[in-house]
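Asker: Have a look at this prediction, sequence included:
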Amino acid sequence: MDVHFSKEPNVNYMNAYYNVYSLFVNESLLGKFYYSSKKCSFSFDKISVRIDTTHRFFRKPKVVITDNISNMVLGHYELTNWTIFNGYRHKLHLHDEIHSFKRHRPDGYSLFGKITWGRYKFTLTNNTEEITYTFQIRYPLFSLGNIGPSLPFEGSIKFNSNNKMALFAGLYLIETALENLSD
């Protein structure tokens, strides 16, 4: 299934500012994902889920996926702090399945080809399914610091299953990767 998505940064939603992802299939809204550094949630098909983050001093954050209605824990993220040496090796534990998150070079990448600058490709995969996120961020000619998380962009998602929960949960990993972006 092919999904098109767009990201709008700093949208005021319920008296807080979020990066809002809207996902579409054939021009109809599939669902929305809301991200801020303190609160995250997503909803689709009458399912509402929140992502609770507990930051701990000198330790990796604890990130849990919880159903908003039943308060049942659906899964958790296993984040790593070592992105400099081994890339993004985050994991998503969801419904007793482990999904690995990895950044790849975008298709047709060239260091000297300006057309491929700002293009990103991430995959979330387990043994049976793969979700591929591709998008391009149009950076201004001159910028200071990491401004990727604060810019709007559009992209596409390809996946070979009906696991919409993993599809939306992967957007959290993309936001954490954009916050830690060094290139």
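Answerer: Thanks, I have it.
Asker: What segments of the protein are helices?
Answerer: For the chain, the helices defined by DSSP state H occupy 83-86, 164-179.
Asker: of these, which approaches residue 47 most closely?
Answerer: For the helices of the chain, the distance to residue 47 is smallest for helix 164-179, at 7.7 Å, taking CB to CB. Bear in mind the C-beta positions are built from the backbone N, C-alpha and C, glycine included.
Asker: Report the buried residues of that closest one.
Answerer: By neighbour count on 16 or more other CB atoms under 10 Å, the buried set for helix 164-179 is 164-178.
Asker: Kindly report the same for stretch 90-105.
Answerer: For stretch 90-105, the neighbour count (16+ other CB under 10 Å) marks 90-94, 99, 101, 103 as buried.
Asker: ditto for stretch 10-23
Answerer: Within stretch 10-23, the residues that count as buried by 16+ other CB under 10 Å are 18-21, 23.
Asker: Tabulate those in CSV, adding columns for pLDDT and distance to residue 160.
Answerer: Compiled in CSV, these are given as follows (pLDDT from 0 to 100; distance: CB to CB, whole Å):
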residue, pLDDT, distance to residue 160
18, 88, 29
19, 90, 27
20, 93, 26
21, 94, 21
23, 95, 17
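Asker: from memory residue 8 sits against residue 32, does it?
Answerer: No. Residue 8 lies out of contact with residue 32 (CB atoms under 8 Å); the separation is 10.3 Å.
Asker: Let me see the mean pLDDT of stretch 60-67.
Answerer: Averaging pLDDT along stretch 60-67 gives 87.
Asker: what does the average pLDDT come to for the longest strand that the chain contains?
Answerer: Across the chain, the longest stretch assigned as strand under DSSP state E is strand 2-13. What strand 2-13 shows for mean pLDDT is 88.
Asker: Show me what it is packed up against.
Answerer: strand 16-25, strand 153-159 (3 or more CB pairs under 8 Å, 6 or more residues apart in numbering; DSSP states H and E).
Asker: which outside residues touch it?
Answerer: With CB atoms under 8 Å, 6 or more residues apart in numbering as the test, strand 2-13 has contacts from 17-25, 30, 34, 135, 149-159, 167.
Asker: Thank you, goodbye.
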